[in-house]
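*Asks:* need a structure here:
(chains A and B)
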There are 2 protein chains.
Amino acid sequence: MPTIVLYIASSIDGYIARPDGSVDWLSVVDGFDTDYGYQAFYDSVDALLMGSNTYAQVQQFGDWPYTGKTAYVFSSRDWSDTLADVKIAPPDVGATLPAIKHYHKVWLVGGAALVKSFHEAGLIDEYIISIIPVVLGDGIALFQSPLTEQPLKLLSAQHYASGLVQLHYQKYHP
Amino acid sequence: MPTIVLYIASSIDGYIARPDGSVDWLSVVDGFDTDYGYQAFYDSVDALLMGSNTYAQVQQFGDWPYTGKTAYVFSSRDWSDTLADVKIAPPDVGATLPAIKHYHKVWLVGGAALVKSFHEAGLIDEYIISIIPVVLGDGIALFQSPLTEQPLKLLSAQHYASGLVQLHYQKYHP
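*Replies:* Next comes the predicted model:
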């Protein structure tokens, strides 16, 4: 099995989006002459995993940014016209595991429902959370309760001039 | 007015206690030969602010640890037998502000309802959050939605061998 890495941005109060899904508030960390390690992380992954809302949202942002890496979109919707590198996977996470087992490292992009499925199945090996310096107040929670309790091991904590703090945890096996 | 500082521990998923109020999970960061700056912080404050559940819980832990500093307990309950340094304050936060205005720095201890009251009133000057390396999965959220959106300025981010990360933010006035 590949190393499955959740790599995502969150507000201080744990939201990945406003209630309507918008992520405009992420822009407070733009323009600081750093990509917060994004390109190096992206180059290190073989494939992407995402939910259907995330897939739809990324397409709204403009050109598909992940050309050349297979993106598995977990969805029960009928997507008649998917992009070349996109594979629609059934919402049952377990059914897709055989298809991704030859990868070395995959990026769990989001959203919250898919994070919950992977967390509950014990499949997230690393959690890389970039905390944006804002209390958003409401929105879509990264961690949707109830979840199984999971101790994590801190691998690194990096902070940046913008106030972003990137926490890198590994699943802890006591 | 004093500087009001929220100083509290949270799980990675934003809980300050389990659903039943227990905080046993905090002990994963015990025994690492550090107090994470607690004594220095405690020495720097003149008074404490807490809700009635927090007050009751601290008493259950044993001897009252805050002797010598006035603790304001925001509560509508009838506390017939309070400790010498404890003052019962009405739940309406604003009514107590005149009584604390001569302090230099006060510690907002918790719990979540009081944090919400102070946050909504724009009264929290600094947020010091110690993130314990565990996804708890469920519990009492530090930030109870909905809250007013508040950008914060990161003052420092310190990590420790135990995996605890202490984030120190200041209220940001754009």
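
*Asks:* Next, count neighbours for A:Asp43.
*Replies:* 8 (other C-beta atoms under 10 Å in any protein chain shown). From N, CA and C alone the C-beta is placed, and that goes for glycine too.

*Asks:* Need phi/psi at it.
*Replies:* phi -60, psi -20 (degrees, to the nearest 10).

*Asks:* got it, and A:Ser27?
*Replies:* phi -70, psi -10.

*Asks:* Next up, the contacts around the residue nearest the centre of chain A.
*Replies:* The residue lying closest to the centre of chain A (C-alpha atoms, centre = their mean) is A:Val109, at 2.5 Å. Going by C-beta atoms under 8 Å, 6 or more residues apart in numbering or on different chains, A:Val109 touches A:Tyr7, A:Ile8, A:Leu48, A:Leu49, A:Met50, A:Thr54, A:Val58, A:Ala71.

*Asks:* A:Asp138 touches A:Tyr15, doesn't it?
*Replies:* Yes. Under the criterion of C-beta atoms under 8 Å, A:Asp138 makes contact with A:Tyr15 at 7.2 Å.

*Asks:* Looking at those two, which one has more neighbours?
*Replies:* Legend: neighbour count by other C-beta under 10 Å for A:Asp138 and A:Tyr15, higher for A:Tyr15 (26 against 16).

*Asks:* Do a quick rundown of the strands in chain A.
*Replies:* A:3-11, A:15-17, A:47-51, A:70-74, A:86-89, A:105-110, A:126-132, A:134-135, A:140-141, A:150-159, A:165-171 (DSSP state E).

*Asks:* With chain B in mind, check whether the first one reaches it.
*Replies:* No. In terms of C-beta under 8 Å from any C-beta of the partner chain, no part of strand A:3-11 sits within range of chain B; the closest distance is 9.0 Å.

*Asks:* what residues does chain A put near chain B?
*Replies:* With C-beta under 8 Å from any C-beta as the criterion, chain A meets chain B at residues A:12-14, A:25, A:28, A:119, A:127, A:129, A:131, A:133-139, A:141-143, A:145-154, A:156-157, A:159, A:163-165, A:167, A:169, A:172.

*Asks:* Can you turn the buried part of those into a ChimeraX selection?
*Replies:* To isolate in ChimeraX the members of the residues of chain A next to chain B that are buried, counting by 16 or more other C-beta atoms under 10 Å in any protein chain shown, one can use:
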select /A:12,13,14,25,28,119,127,129,131,133,134,135,136,137,138,139,141,142,143,147,150,151,152,154,157,159,163,164,165,167,169
